[in-house]
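In: What follows is a predicted structure for the sequence shown.
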Amino acid sequence: MPTKLNLAGPHGQIYADPTPSTDEDAFQVNNTSAAYYNSPYYLANKNLVQPIPPPRPGSPASIDLADYLPADLMAAINAAGSITFHSTGDTGAAKVSARQNAATALAEEAAVADAMAAAVQAGGARGPAFFFHLGDVVYNFGEAQYYYDQFYEPFREYDRPIFAIPGNHDGMVFGASSTAPQVPTLAAFLANFCAAAPGPSPEAPSIARSVMTQPGVYFTLDAPFVSIIGLYSNVMDSGGGIISSQGGMYPISDVQLAFLTSELTRLKPQRQAGQRAIVIAVHHPPLSCDAKTGGSGGLMQDIDACCKSAGLWPDLLLSGHAHLYQRFTRTVNGRQAPYIVCGSGGFAATAPMGGVPPAGTVVGDHKLEVAPIVQFGYLTLTTDGKTLTASFNSAPCNAPVKQLDSVTVDLVKGVLTAGGSAPAPGPAPKPTPKPVPKPTPKPVPKPTPKPVRKPTPKPKPPAPKPTKGGGKKRPR
Ligand SMILES: [Fe+2]
């Protein structure tokens, strides 16, 4: 089947531009939001979780890919007996440092987005069916005015639906008052990914792509042969991910725990029948050997408790947040599953701080399989419900796409059949941080301010902080 340009979804969705422009080399709206790191609201509340927006009233917990792809493409996937899709996180291009000006930021994101779009065009009906974004779509505070430059323009040629979970930057808020944000958390994310109906984005009316109609910031995507359960891990920048109150430690509800347990329970019969793989996607990584964005112990415990309760563990866990590629194998109840960090989508590739242990290092129930790859790129994943393969492709500027890592899991036996490494010989050299989940930061004993329902009159923002030489912040 030839590639279908300008795919039309079954509910009128449009994905690719009919006549895409060349890559932009300057921002339509210059990104000055680094200044908001110094705003009174952010300074006073940066260690507080933000409220989890409720799903749209009446919406289901899960959505079906058949409501986003035309029937002939769905039929082709089902006839082939397997599905391929894309995933990566942290794509937003923003000018954040002396190293990364507007042109380089845009070029680095464009290299990844253009490579993914080309893979869709080359693959046609058997190519990637969708892109599941792992969060941090827009830096630094998920502002609506940057959706054009950081999302719609770079992905204007990607002729497939793009689903997303929010990252910390999508949910972070700022404001002139220390008690209320200028804009409620996730307002722009909800407008662009969780709309009630498809249609043009209010942020990019000149781009054809329709807004998405996800039920909320946590949801399940059911596709042929795979279900992806997406979770929202809140707004901590250098701290860990938080999906629940963690026993009352954080002032948010435990609604995602009930959701995750319920979805795993729902999907368990299909998983046990070998009909689909189960993927959990969450922006902050439960496992990471980056010293700054190390794994999240509380997040891991929450997910594990839900899996234990449902009696079903994921075949794969995907995260972003750290701007590099890492792959661990975790063994639970004798079954191996990859835990992959792929925050390589285009924003500030960053080497681990403080070094890393060598590939093959085993700590507890998990093993670091490959040395972290500090390059921009994306994942291509394929599954038939019985095996699953995840490959990391680098997509540098002005150089060919190259596959740098791949893992295959036999989902029936629960073992890696390709991509495993031998344990590292001897102890890890010092001083290298071990990939042990870090405890999540202690909460500030202060209630979360209620979100403002309507934007307050726009206060005058602080003077933009010079990016050159002012590298105190390195956003994740
Ligand atoms: Fe992040």
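Out: Cool, got the structure.

In: Could you measure from I280 over to L312?
Out: Computed as Cβ to Cβ, to the nearest Å, the I280 to L312 distance reads 11 Å. In short, each C-beta sits where N, CA and C put it, glycine included.

In: which of these two has more neighbours?
Out: For the pair I280 and L312, the greater number of neighbours falls to I280 (26 against 20), based on other Cβ atoms under 10 Å.

In: tell me which element the more buried one is part of?
Out: strand 277-282 (DSSP states H and E).

In: so what does that strand touch, helix or strand wise?
Out: strand 226-231, helix 255-272, helix 297-310, strand 316-319 (3 or more Cβ pairs under 8 Å, 6 or more residues apart in numbering; DSSP states H and E).

In: Can you show me the CA trace of the first one as CSV?
Out: To tie it back to what came earlier, the one meant is strand 226-231. Output of strand 226-231 as CSV, limited to C-alpha atoms (Å, rounded to 0.1, in the frame of the first residue of the first chain):
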residue,chain,number,x,y,z
VAL,A,226,-0.1,-3.2,22.5
SER,A,227,-1.6,-1.0,25.2
ILE,A,228,0.3,1.9,26.6
ILE,A,229,-0.7,3.1,30.0
GLY,A,230,0.4,6.7,30.4
LEU,A,231,0.9,8.4,33.8
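
In: Give me the phi and psi for A337.
Out: When read as degrees, to the nearest 10, the backbone of A337 gives phi -140, psi 140.

In: dump the residue contacts of it.
Out: With contact set as Cβ atoms under 8 Å, 6 or more residues apart in numbering, A337 has these partners: 313-317, 329-331, 409, 414.

In: Tell me the one of those residues nearest A348?
Out: Closest approach between the contacts of A337 and A348, by Cβ to Cβ: L317, at 23.3 Å.

In: Mutual contacts of I280 and L312, please.
Out: By Cβ under 8 Å, 6+ apart, no residue touches both I280 and L312.

In: Nearest spatial neighbour of the spatially most central residue of the chain, chain-adjacent residues omitted?
Out: Closest to where the C-alpha atoms of the chain average out (Cα atoms, centre = their mean) is L134, at 0.9 Å. Take L134 and drop its neighbours on the chain: the residue closest to it by Cβ to Cβ, 6 or more residues apart in numbering is G89, 3.0 Å away.

In: In the strand or helix carrying Y42, which residues are buried?
Out: Per DSSP H and E, Y42 falls inside helix 40-45. Neighbour-count burial for helix 40-45, counted by 16 or more other Cβ atoms under 10 Å, picks out 41-42, 44-45.

In: Select, from those residues, the two members most distant in space.
Out: For these, the maximum inter-member distance is 7.4 Å, found between Y42 and A44 (Cβ to Cβ).

In: Just the CA trace of stretch 147-154, in PDB.
Out: Output in PDB follows, covering the C-alpha atoms of stretch 147-154 (Å, rounded to 0.1, in the frame of the first residue of the first chain):
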ATOM      1  CA  TYR A 147       3.500  25.300  21.000                       C
ATOM      2  CA  TYR A 148       4.000  26.500  17.500                       C
ATOM      3  CA  ASP A 149       7.800  26.700  17.600                       C
ATOM      4  CA  GLN A 150       8.400  23.600  19.900                       C
ATOM      5  CA  PHE A 151       5.700  21.200  18.700                       C
ATOM      6  CA  TYR A 152       3.500  22.100  15.700                       C
ATOM      7  CA  GLU A 153       6.100  23.400  13.400                       C
ATOM      8  CA  PRO A 154       8.700  20.700  14.000                       C
END
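
In: Show me what V415 is bridged to.
Out: Per DSSP bridges, the residues bridged to V415 are D410.

In: for it, what are its contacts?
Out: 335-336, 409.

In: and if you look at I228?
Out: By Cβ under 8 Å, 6+ apart, the residues touching I228 are 132, 163, 220-221, 279-281, 318.

In: Next: A44.
Out: 178-179.

In: what about it, distance to the ion?
Out: Using Cβ to the ion, to the nearest Å, A44 is found at 21 Å from the ion.

In: Give me the pLDDT for that residue.
Out: With respect to pLDDT, A44 scores 94.

In: Distance of it relative to Y68?
Out: Counting by Cβ to Cβ - A44 and Y68 are separated by 40 Å.

In: what's near enough to touch E108?
Out: E108 sits next to 93, 100, 346-347, 349, 376, 397 when contact means Cβ under 8 Å, 6+ apart.

In: sorry, back to before: buried sites along the strand holding I280?
Out: Under the neighbour-count criterion of 16+ other Cβ under 10 Å, strand 277-282 has 277-282 buried.

In: Those residues: which ones sit near the ion?
Out: Subset of those in contact with the ion: empty, counting by Cβ under 5 Å from the ion.

In: contacting residues for whichever residue of the stretch 201-350 of the chain sits closest to the ion?
Out: Of the residues in the stretch 201-350 of the chain, the one nearest the ion is H321, at a distance of 3.8 Å by Cβ to the ion. Each residue near H321 by Cβ under 8 Å, 6+ apart is listed here: 89-90, 135-136, 167-168, 241, 283-285, 288, 293, 341, 343, 476.

In: Sitting in strands, which of those residues do you find?
Out: V341 (DSSP state E).

In: Can you tell me which of the contacts of H321 are buried?
Out: 89-90, 135-136, 167-168, 241, 283-285, 288, 293, 341, 343, 476.

In: Where does pLDDT dip in this structure?
Out: 1-5, 96-98, 291-294, 424-476 (pLDDT under 70).

In: For it, which residues are neighbours of the ion?
Out: Going by Cβ under 5 Å from the ion, the residues of the chain near the ion are 136, 167-168, 321, 476.
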